[in-house]
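Asker: show me the folded form of this:
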Amino acid sequence: MAGRAGEEWSHPVADRPGLGHTYGFGSYARDGLAGNREDRHMQRRTEMEDSLTTAEMLLSTGDVEPAVELLERLAADAEEYVSRNCPTTDEVQWFSFPTIFERLAYRRVEKDPRELRDVGEPLDRLYVDLAQALVHEGDYAAATEALKQAVRWDPMDCGARLDLAELFRTNGDLNEYLALSYSVFERASDARHLVRAFCNFARHYLDTGRDTLAAAALRCARRLDMPDSVLSDLLARTKGTPADPDSLSDDRAQELLGEEGIPDGANAEIALTLLMCATDAASSGDRNLATTLTVRARDLVGAPAVKALLELIRDADRDVASGAGEGEPDADA
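Answerer: The predicted structure is shown next:
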């Protein structure tokens with residue numbers, strides 16, 4: 001997949017409890033590619049990853065204090081290492097993307113011209129774990145700072161963006177809450193994150209008396225057909241009211257949200273990147289990964305759009321190697 005991106009992935013030389021009646025912190029597991037680092041460091045497992053697994057086990061059993069101590073120590077060590085070895089310049093930026101997908105998606109969405117280098121450790125996961133532990137302790141201010149670091153190291157982590165948005169909402173900062181929620185529309189590679197973003201805006205519109213806009217946001221969220229407890233609650237709350245998503249059509253919902261600068265669905269560039277990675281995975285014989293990525297793309301934009309995008313990829317690859325379409329995942333998987 002490095003060839004498709006046009007450059008190699010650079011390595012360093014050295015070796016949630018609920019926040020009110022909203023989404024719980026860390027509501028969704030970071031699954032699929034987002035939890036799989038097998039394409040980094042020749043499939044080696046780092047000492048930090050072992051320590052993070054230990055911390056996560058402590059959190060799962062309610063041993064919060066030792067988990068926080070371990071994670072804070074890891075964060076201090078990581079910050080010292082980054083300060084000494086990973087300087088950001090106008091030409092180079094360091095990240096901790098879990099897989100090649102996030103890196104490719106970042107390049108397509110952000111169009112960052114700098115050389116992207118891998119810091120060599122899962123700093124994104126470290127700061128997400130630290131934030132979750134700090135929320136358990138009730139230290140929302142420190143958790144907010146930890147999640148800012150998680151987003152810095154993996155800007156494509158929409159789960160971290162949405163969790164950070166919830167903390168800003170809890171702290172009364174609605175501007176940051178809405179800005180982070182809005183940023184998900186361009187970056188989401190998981191339809192569940194899109195549902196959360198639409199629900200965030202629906203709640204805001206309800207709170208500010210703009211029922212028709214709330215109905216439009218809820219209609220778009222429901223159309224993604226993803227199970228979500230907050231969406232279910234909002235649909236029950238608005239049934240038979242001016243904010244009922246059944247009170248308007250898809251076209252009207254799109255028109256209303258468009259006037260607010262809000263898209264009515266996923267970013268096609270993200271779906272395309274998922275499918276590029278899926279076809280590469282299929283070509284290398286990893287059918288399970290190929291299917292997972294294709295299903296994620298389908299959930300974002302629908303099967304017809306996936307078929308059209310796969311045809312675009314086939315057309316682009318046709319002059320690179322004959323038979324590139326063999327083994328491609330089924331868009332209706």
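Asker: check the secondary structure at Gln93 for me.
Answerer: What DSSP: H, G, I helix; E, B strand; the rest coil gives for Gln93 is strand.
Asker: and it, how many neighbours does it have?
Answerer: 16 (other C-beta atoms under 10 Å). For every residue, glycine as well, the C-beta is placed using N, CA and C.
Asker: likewise Arg219?
Answerer: Arg219 has 25 neighbours, counted by other C-beta under 10 Å.
Asker: that one - nearest residue in space that isn't next to it in sequence?
Answerer: Nearest non-adjacent residue to Arg219, counting by C-beta to C-beta, 6 or more residues apart in numbering: Pro245, 3.7 Å away.
Asker: state the distance from that neighbour to Gly258.
Answerer: Distance of Pro245 to Gly258, given as C-beta to C-beta, to the nearest Å: 16 Å.
Asker: out of the two, which sits in the more crowded spot?
Answerer: Pro245 (22 against 12).
Asker: from what I can see that one touches Arg237, true?
Answerer: No. In this structure, Pro245 is not within contact of Arg237 by C-beta atoms under 8 Å, at 11.6 Å.
Asker: list phi and psi for Asp224.
Answerer: Careful, residue 224 is Leu; it's not Asp. phi -70, psi -10 (degrees, to the nearest 10).
Asker: contacting residues around it?
Answerer: The neighbours of Leu224, taking C-beta atoms under 8 Å, 6 or more residues apart in numbering as the test, are 191, 194-195, 198, 265, 299.
Asker: ok, 10 Å please
Answerer: Residues near Leu224 by C-beta atoms under 10 Å, 6 or more residues apart in numbering: 191-192, 194-195, 198, 231, 265-266, 299-300, 302.
Asker: and Asp315, how far from Ala191?
Answerer: Taking C-beta to C-beta, one finds Asp315 at 26 Å from Ala191.
Asker: ok, how many other residues are close to Leu134?
Answerer: Neighbours around Leu134, by other C-beta under 10 Å: 24.
Asker: for Asp124, helix, strand, or coil?
Answerer: Per three-state DSSP, Asp124 ends up helix.
Asker: ok, now how distant is the closest residue to it other than its chain neighbours from Gly302?
Answerer: The shortest distance from Asp124 to any non-neighbouring residue, by C-beta to C-beta, 6+ apart, is to Asp154 (3.7 Å). Using C-beta to C-beta, Asp154 is found at 27 Å from Gly302.
Asker: swap in Pro242?
Answerer: In terms of C-beta to C-beta, Pro242 sits 29 Å off from Gly302.
Asker: what helix or strand is Leu58 located in?
Answerer: helix 47-60 (DSSP states H and E).
Asker: other SSEs contacting the one helix or strand Val82 maps to?
Answerer: Element membership for Val82 (DSSP H and E) is helix 64-85. Where contact means 3 or more C-beta pairs under 10 Å, 6 or more residues apart in numbering; DSSP states H and E, helix 64-85 is packed against helix 47-60, helix 123-136, helix 140-153.
Asker: for Leu116, find the nearest of those.
Answerer: helix 140-153 (11.8 Å; C-beta to C-beta).
Asker: what is whichever helix or strand comes after the closest one packed up against?
Answerer: Heading C-terminal from helix 140-153, the first helix or strand you meet, by DSSP H and E, is helix 158-170. For helix 158-170, the elements it packs on are helix 123-136, helix 140-153, helix 174-187, helix 191-207, judged by 3+ C-beta pairs under 10 Å, 6+ apart.
Asker: which of these is buried the deepest?
Answerer: helix 123-136 (a mean of 26; mean count of other C-beta atoms under 10 Å).
Asker: what angle sits between it and helix 47-60?
Answerer: If you take axes from the mean of the first three to the mean of the last three C-alpha atoms, to 10 degrees, helix 123-136 sits at 20 degrees to helix 47-60.
Asker: enumerate every residue touching the residue nearest to Asp244 when sequence neighbours are not counted.
Answerer: Among residues not flanking Asp244 along the chain, Thr238 sits closest, at 5.1 Å (C-beta to C-beta, 6+ apart). Shown in contact with Thr238 (C-beta under 10 Å, 6+ apart): 202, 206, 211, 214-215, 218, 244-247.
Asker: let's see if you can find the most crowded of these.
Answerer: Taking other C-beta under 10 Å as the neighbour criterion, Ala202 ranks highest of the contacts of Thr238 with 29 neighbours.
Asker: pretty sure Ser189 is in a strand, no?
Answerer: No. With three-state DSSP as the criterion, Ser189 is located in coil rather than a strand.
Asker: burial count for it?
Answerer: Using other C-beta under 10 Å, Ser189 has 27 neighbouring residues.
Asker: can I assume it is in contact with Ala297?
Answerer: Yes. The pair Ser189 and Ala297 qualifies as a contact (C-beta atoms under 10 Å) at a distance of 8.3 Å.
Asker: joint contacts of these two?
Answerer: 266, 270-271, 273-274, 277.
Asker: take those and keep only those in helices.
Answerer: Per DSSP state H, helices hold the following members of the shared contacts of Ser189 and Ala297: 270-271, 273-274, 277.
Asker: just to revisit the earlier point, let me have the shared contacts of Ser189 and Ala297 in JSON lines, extended by pLDDT, distance to Arg287 and neighbour count.
Answerer: Converted to JSON lines, the shared contacts of Ser189 and Ala297 look like this (pLDDT from 0 to 100; distance: C-beta to C-beta, whole Å; neighbours: other C-beta atoms under 10 Å):
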{"residue": "Ala266", "pLDDT": "97", "distance to Arg287": "24", "neighbour count": "25"}
{"residue": "Ile270", "pLDDT": "97", "distance to Arg287": "22", "neighbour count": "27"}
{"residue": "Ala271", "pLDDT": "97", "distance to Arg287": "20", "neighbour count": "24"}
{"residue": "Thr273", "pLDDT": "96", "distance to Arg287": "19", "neighbour count": "28"}
{"residue": "Leu274", "pLDDT": "97", "distance to Arg287": "15", "neighbour count": "30"}
{"residue": "Cys277", "pLDDT": "96", "distance to Arg287": "13", "neighbour count": "28"}
